[in-house]
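*Asks:* my questions concern the predicted model and sequence given below.
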Amino acid sequence: MAVTRKTRSDLAASVGLTDADLIAMYRTVALARAVDERIWILNRAGRIPFVISGQGHEGAQVGLAWPLERKKDWIAPFYRSIATCLAFGMTAQDILMAQYAKASDPSSGGRQMPGHYGNAENNLLSLSSPVATQMLHAVGIALAAKIRRTGQVALTSMGEGSSNQGDVHEGLNFAAIHRLPFILVVENNGYAISVPTSKQLALENVADRAAGYGIPGVIVDGSDVLACYRASKTAVDRARRGDGPTLIEAKVIRLTAHSSDDQQTKYRPEHELAELRTHDALPRFRDELRDAAVLTDEIETGIAAEIKAEVDAATEHAEHEPDPDPSTAMRWVFAEDWPSEMPPAWGLGGHRAAAGGNHGTAGEGHGTADEGHGAAGSEGGGR
Amino acid sequence: MALRTFIEAIRETLAEEMRRDPSVIVLGEDVGKKGGVFLATDGLWAEFGDDRVIDTPLTESLIVGASIGAAVNGLRPVAEIQFADFIFPAFNQILSEASRMRYRSNNGFGVPMTIRAPYGGGVHGALYHSQSVEAFFTHIPGLKVVIPSTPYDAKGLLRSAIRDDDPVLFFEHKKMYRSVRGDVPDTDYTVPLGRAAVTHEGKQITVVAYGLMAHYALEAADVVADEGISVEVVDLRTLRPIDKETLLTSVRKTGKCLVAYEDNRFGGYGAEVSAIVAEEAFDYLDGPVTRIAGPDVPGVPYNHVLEDWFMVNPEKIAAGIRKLAAY
Ligand SMILES: Cc1ncc(C[n+]2csc(CCOP(=O)(O)OP(=O)(O)O)c2C)c(N)n1
Ligand SMILES: [Mg+2]
């Protein structure tokens, strides 16, 4: 007798989702990893000068972003947020375009370093480099949501090192006072570049600080996608009810060096690097979905093929898009052009650097393939 | 027409803009029930309530940072920094975030936000309640910086600032709040950003000023007029984007330029004005571009003798004019 396949697994039911949701989540985690691995290869191949990315954070990011409503709610991401951005409406191509910094890069038109995502269409706020500044923007977005009664929730994410910035204190305090629909996600990967958590905070957990603001502080295993989903769902529901903000700390791992300008073997012990993969959300989620019979060989193979095609196409597209034209470099300082804001003496256009264009090559001062860290990263490998 | 003090003009404009546009909110320290330490927001809380007139904690970075977020999500925040001297905890949010949002997102996001702050000395405010901070901000592409000198301009420029789609810093000289009066029409007029005004016509020397110094420049012009020196006064009103046309037209006519500003002389806003004049009106100049500016000490000292020594006043400007006229 043929077994009738249940349309909704117990696993999906346990989190109030459908099997299709779980598969879509898995696909997003896997896509983020594939995009991430691709951009490191492109960096090592000298095609893109710089990479900062989120391998080891993807499962948490997808679980945490999933309960938010696309094109309604807001996320102020950070530089590791590839999976967050993919879960919230950006595409693999959008992410690749940012790496290549091409004219049609939807994040910044090639103006920002890779990793500085943003997309007005998807309510993903443009981010800058000084860490944690986006904290206050997300709080302000939540404030506007409350005043305008839009029912929106604003989430921002950052690393545990960044959570020490004063803006985080000012923002949590204010969000708590006004019970704003706001969620702070701290993706704790144990390091701020080279500095371990023990030298960043005296507490075990960033989430313990929540008590000081009178809000819930939740700790969640970042390799457990559905635990992250549940924690975020609770926080989103609470925010929408008008009960105020939540601080969620996801314990994640950093599978790569801080960035392509960093040499992590200098400060991370070998055994730590060796056992990192055992805490990786991607294989764990895959196994979980397979055990629950949500993911079958057939589905998995199909997804893998789709992802490869998508990432290949995105790379191909980004490679061939034109660079920004210097004649546009004075645009959007303000909404309108001002005659007194003048171009430089050498005008606009015609003065591209003679060699190399936008592509990092050995000797240009960007990370080279064999060195593994930048020769002249502006902060001595600290970006 | 009605006669208004400088601060009355500000207060009325805030109320009118809030009535006109429900997306305008006011936030800052003590701006609610108290109505601000200078009473610039007096009455707003009673009329518009907790949602739109927000007493923030003592957190300048949040005042600006949350305004950026609120602006991105559909509001037009008017943030008050209690004293310009205390804007520096928010400097990073203004420099790295507000001013760059549109450029860095290739026009994906804009920040329609106004930051108001009382500035300036001569009020026994000492080092930390007297500063002129405009040069830190006029240096930054992506920010508009406005310093009005009359109730008429304050009203017209504040309307323009609030309705503008980019971040505007709006500095108000605190000594002028109650000492300066002027006629203000009852109409919904605006004064466009980026336009200077020739407030006194003359032939021999152009004096460029803004804020309190725009008044002192007029007084100095009157004093030297009796001595036969004809001075033209240009009140810049918007420091950035600067109205080069009005500035250069005047200097090309008079052939001499003196810039009066209250901030420390070295690297102050007047240095940029001087450079523009030197670069773009060199052929017309009959004398060195001259600055009459605050001395290069770290702040305005408190004791009245020292404070008087620090402050640029009509006599000091007049002395500078005489010297330049004789050149
Ligand atoms: C204000 C500021 N200081 C320093 C830096 C340089 N920097 C970039 S990322 C980083 C470490 C951040 O660590 P963490 O917040 O834990 O995030 P992670 O990179 O580990 O995900 C540092 C020091 C910066 N970008 N901004
Ligand atoms: Mg970290």
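*Replies:* Cool, got the structure. Ligands and ions are numbered 1, 2, ... in the order given.

*Asks:* now for A:Lys71, how many residues are close by?
*Replies:* Residues near A:Lys71, counting by other C-beta atoms under 10 Å in any protein chain shown, number 10. Any C-beta I mention is one placed from the backbone N, CA and C, and that applies to glycine too.

*Asks:* tell me how far it lies from chain B.
*Replies:* Plainly put, A:Lys71 is 13 Å away from chain B if you go by C-beta to the nearest C-beta, to the nearest Å.

*Asks:* does that residue count as helix, strand or coil?
*Replies:* Using DSSP: H, G, I helix; E, B strand; the rest coil, the structure places A:Lys71 in coil.

*Asks:* contacting residues for it?
*Replies:* When the contact criterion is C-beta atoms under 8 Å, 6 or more residues apart in numbering or on different chains, the partners of A:Lys71 are A:89, A:121-123.

*Asks:* pairing partners for B:Ala209 in the sheet, please.
*Replies:* Beta-bridge pairing for B:Ala209 (DSSP bridges): B:Asp235.

*Asks:* please identify the residues of chain A in proximity to ligand 1?
*Replies:* Applying C-beta under 6 Å from any ligand atom, we find that chain A lies next to ligand 1 at A:80, A:129-131, A:158-162, A:189, A:191-193, A:258, A:382.

*Asks:* who wins for neighbours among the residues you listed?
*Replies:* A:Met158 (28 neighbours).

*Asks:* residues near B:Leu58, how many?
*Replies:* Neighbours around B:Leu58, by other C-beta under 10 Å: 12.

*Asks:* is it fair to say it lies in a helix?
*Replies:* No - judged by three-state DSSP, B:Leu58 forms no part of a helix; its state is coil.

*Asks:* assess the claim that it and B:Glu29 are in contact.
*Replies:* Yes - with contacts counted by C-beta atoms under 8 Å, B:Leu58 reaches B:Glu29, the gap being 6.1 Å.

*Asks:* test my guess that A:Arg238 contacts A:Ile248.
*Replies:* No - contact status for A:Arg238 versus A:Ile248: not in contact, 11.2 Å apart, counting by C-beta under 8 Å.

*Asks:* so those two - more neighbours on which side?
*Replies:* Neighbours of A:Arg238 and A:Ile248, each counted by other C-beta under 10 Å, are more numerous for A:Ile248; the result is 27 against 19.

*Asks:* in a helix, that one, correct?
*Replies:* No - assignment of A:Ile248 by three-state DSSP gives strand, placing it outside any helix.

*Asks:* and it, how far is that from B:Ile317?
*Replies:* The gap separating A:Ile248 from B:Ile317 is 59 Å, by C-beta to C-beta, to the nearest Å.

*Asks:* next: B:Ile140.
*Replies:* In this structure, B:Ile140 and B:Ile317 are 28 Å apart, going by C-beta to C-beta.

*Asks:* neighbour count winner among the two?
*Replies:* The residue with the greater number of neighbours, taking B:Ile140 and B:Ile317 and applying other C-beta under 10 Å, is B:Ile317; the counts read 25 against 18.

*Asks:* three-state assignment of the more buried one?
*Replies:* Applying three-state DSSP: B:Ile317 is helix.

*Asks:* which non-adjacent residue is nearest it?
*Replies:* If you skip the residues right next to it in sequence, B:Ile317 has B:Ala220 as its closest partner in space, 3.9 Å away by C-beta to C-beta, 6 or more residues apart in numbering or on different chains.

*Asks:* wait, isn't that neighbour in contact with B:Ala318?
*Replies:* Yes - counting by C-beta under 8 Å, B:Ala220 sits close enough to B:Ala318 to count as a contact (4.2 Å).

*Asks:* which of the contacts of A:Lys71 are buried? Put it as a ChimeraX command.
*Replies:* Filtering the contacts of A:Lys71 down to the buried ones (16 or more other C-beta atoms under 10 Å in any protein chain shown) takes a single ChimeraX command:
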select /A:89,122,123
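
*Asks:* can you redo the contacts of A:Lys71 as a markdown table with distance to B:Gly122, pLDDT and secondary structure?
*Replies:* As requested, the contacts of A:Lys71 are arranged in a markdown table below (distance: C-beta to C-beta, whole Å; pLDDT from 0 to 100; DSSP: H, G, I helix; E, B strand; the rest coil):
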| residue | distance to B:Gly122 | pLDDT | secondary structure |
| --- | --- | --- | --- |
| A:Gly89 | 54 | 98 | coil |
| A:Glu121 | 51 | 97 | helix |
| A:Asn122 | 51 | 98 | helix |
| A:Asn123 | 47 | 98 | coil |
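
*Asks:* restricting to the contacts of A:Lys71, which residues neighbour ligand 2?
*Replies:* When C-beta under 5 Å from the ion is applied, no member of those is adjacent to ligand 2.

*Asks:* circling back to that earlier point, more crowded one of B:Ala220 and B:Ala318?
*Replies:* For B:Ala220 versus B:Ala318, the count of surrounding residues by other C-beta under 10 Å is larger for B:Ala220: 31 against 23.

*Asks:* confidence score at the closest residue to ligand 1 within the stretch 101-250 of chain A?
*Replies:* In the stretch 101-250 of chain A, no residue comes nearer to ligand 1 than A:Gly159, which is 1.9 Å away by C-beta to the nearest ligand atom. What the model reports for A:Gly159 is a pLDDT of 98.

*Asks:* B:Leu3 now?
*Replies:* As summarised for this prediction, B:Leu3 has a pLDDT of 97.

*Asks:* contact partners for the closest residue in space to A:Ala335 that isn't next to it in sequence?
*Replies:* The shortest distance from A:Ala335 to any residue that is not its chain neighbour, by C-beta to C-beta, 6+ apart, is 4.3 Å, and that residue is B:Asp165. With C-beta under 8 Å, 6+ apart as the criterion, the residues that contact B:Asp165 are A:334-335, B:110, B:112.

*Asks:* now swap in B:Phe88 and tell me
*Replies:* B:Glu60.

*Asks:* no further questions, thank you.
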